[in-house]
Structure formats: C-alpha cells, structure tokens
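Participant: Return atomic coordinates for the entry below.
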Amino acid sequence: MEEYRHPLSPNRWQIIALIALQLLFAACATSVLIYRAQGWAPEVINFGWLSYRAFNIYISLGLVIYFIWGIVRKHRYVVPLLSLFALFHIVEGMIIGFWVKSALQLATLVILARIVYASRS
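Facilitator: Sure, this is the predicted structure:
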C-alpha cells in the first residue's frame, strides 16, 4: 500500500534543508537575546525585555518550533505559514540591516517555491 503524500509535501533533502535553515535562524535570534543579556554591543542591541523586538524574537522562536514539527509531520499549513514568516523576516532583516536573517529566510523561500512548483507539475 502506498503512503499518502500531501500535494505540497517536501522531499527528504527539502525537509533537511528547511529544518537546518530554521535552526540557524533560531540560533541567530537566540544570539541576539544572549548579547542583550550579557550587555554586549549595546550600541546595536538596545531593547527592553518586554519591547516589540524582544516579543518578535520570542514569537519567532515559538513559530520555529512549530515549523520544525510541522515540516516533520507534513502539516498541511506549514508551507503557506512558513512562506509568510520568511517574507516577513526577509523584509524586516533588510530594514534593520540583519542580512544573515534575510539570507536564511530567502533560502527558505526558494526551497518552498520549489516545493510548490514541483506540486504543480
């Protein structure tokens, strides 16, 4: 009996790449919190623990956990939600000059586009 495959289901290399990219993104976000806690680079990282920037990081880390779970479980909404997440962080990264963040999410978006394109052929 053949296993059911969701129409937007990524293959093995795409799953591994998406998880790796989201883990790298989470590491970047966590490093910002660590820098804030240690007081390193106060001229760049100068936000309060209850500020918009801090909550953006907290929510993003929670969403990364969901995305990794959703990618592994092939949850039906993970591709569109991860696409929106990536678009938001690409734009935000360009605005604040956090180019690594933008590059990671751009790579995520490219992989997601390949998943969608492959599902149409």
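Participant: Helices of this protein, residue ranges please.
Facilitator: Remark: helices assigned in the chain by DSSP state H are 12-38, 52-73, 78-96, 99-120.
Participant: List the buried residues in the last one.
Facilitator: By that I understand helix 99-120. Across helix 99-120, burial judged by 16 or more other Cβ atoms under 10 Å covers K101, S102, L104, Q105, L106, A107, T108, L109, I111, L112, I115. Heads up, the C-betas are built off the backbone N, CA and C, glycines and all.
Participant: on contacts alone, who are the packing partners of that helix?
Facilitator: In terms of contacts (3 or more Cβ pairs under 8 Å, 6 or more residues apart in numbering; DSSP states H and E), helix 99-120 is packed against helix 12-38, helix 78-96.
Participant: Hey, what's the angle from it to helix 78-96? Just curious.
Facilitator: If you take axes from the mean of the first three to the mean of the last three Cα atoms, to 10 degrees, helix 99-120 sits at 150 degrees to helix 78-96.
Participant: repeat for the longest one
Facilitator: Put simply, helix 12-38 runs at 40 degrees to helix 78-96, going by the same axes, to 10 degrees.
Participant: list the contacts for the residue nearest to the spatial centre of the chain?
Facilitator: The chain has Q22 as the residue nearest its centroid, 4.5 Å off, counting by Cα atoms, centre = their mean. Each residue near Q22 by Cβ atoms under 8 Å, 6 or more residues apart in numbering is listed here: V64, F67, I68, I71, T108.
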